[in-house]
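Asks: below is the sequence, then the predicted model.
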Amino acid sequence: MKFAMSYSCGKDSTLALYKMMEQGHEPICLIVMVNESVGRSYFHGADAACFGDIDICGENGEYHTLAVDGPVFHKPLVFKTGDKIKLGNYAVIDIK
């Protein structure tokens, strides 16, 4: 089964992300406005305080994630992260 989802669907973003992770989804941050966070896994609570005005679910394009594990996976995705690449105000990470 393949599908796309929005973490928050217009609801409270912090609660939506917490519920997704509580269900076993494991997102990896791929593109961010802050170079230091790219490639980082998110855990329960997702360090909400460090986000400031950024939507914790990235609903406004602040960052993008790749789901690497969760209830719909038979097994976790195997991947390696490559170099961080700065693109203006954003940074991306190569996934192999």
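Replies: Sure, I can see it. This structure is a prediction, so every number in the text was calculated from the model and none was measured.

Asks: show the end-to-end separation of stretch 69-77, please.
Replies: 6 Å (Cα to Cα, to the nearest Å).

Asks: check which helices and strands the helix or strand residue 65 falls within sits against.
Replies: Residue 65 is part of strand 64-69, with elements assigned from DSSP states H and E. Helices and strands touching strand 64-69, by 3 or more Cβ pairs under 8 Å, 6 or more residues apart in numbering; DSSP states H and E, are strand 26-32. Where you see a C-beta, it was placed from the backbone N, CA and C, and this is true even at glycine.

Asks: the strand it packs on - what's its average pLDDT?
Replies: Strand 26-32 shows a mean pLDDT of 59.

Asks: what do you get for stretch 80-93?
Replies: 77.

Asks: can you list the buried residues in that stretch?
Replies: For stretch 80-93, the neighbour count (16 or more other Cβ atoms under 10 Å) marks 90, 91, 92, 93 as buried.

Asks: put the alpha carbons of that stretch into CSV.
Replies: Output in CSV follows, covering the C-alpha atoms of stretch 80-93 (Å, rounded to 0.1, in the frame of the first residue of the first chain):
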residue,chain,number,x,y,z
LYS,A,80,22.7,5.8,4.5
THR,A,81,22.8,9.6,4.8
GLY,A,82,25.3,11.4,2.6
ASP,A,83,26.6,14.9,2.5
LYS,A,84,24.6,17.9,3.8
ILE,A,85,24.1,20.5,1.0
LYS,A,86,23.3,24.1,1.8
LEU,A,87,20.9,25.7,-0.7
GLY,A,88,20.3,29.3,0.3
ASN,A,89,18.3,29.3,3.6
TYR,A,90,17.8,25.5,3.4
ALA,A,91,20.0,22.5,3.8
VAL,A,92,19.3,19.1,2.3
ILE,A,93,20.8,15.7,2.9
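
Asks: what bridges to residue 92?
Replies: residue 31, residue 85 (DSSP bridges).
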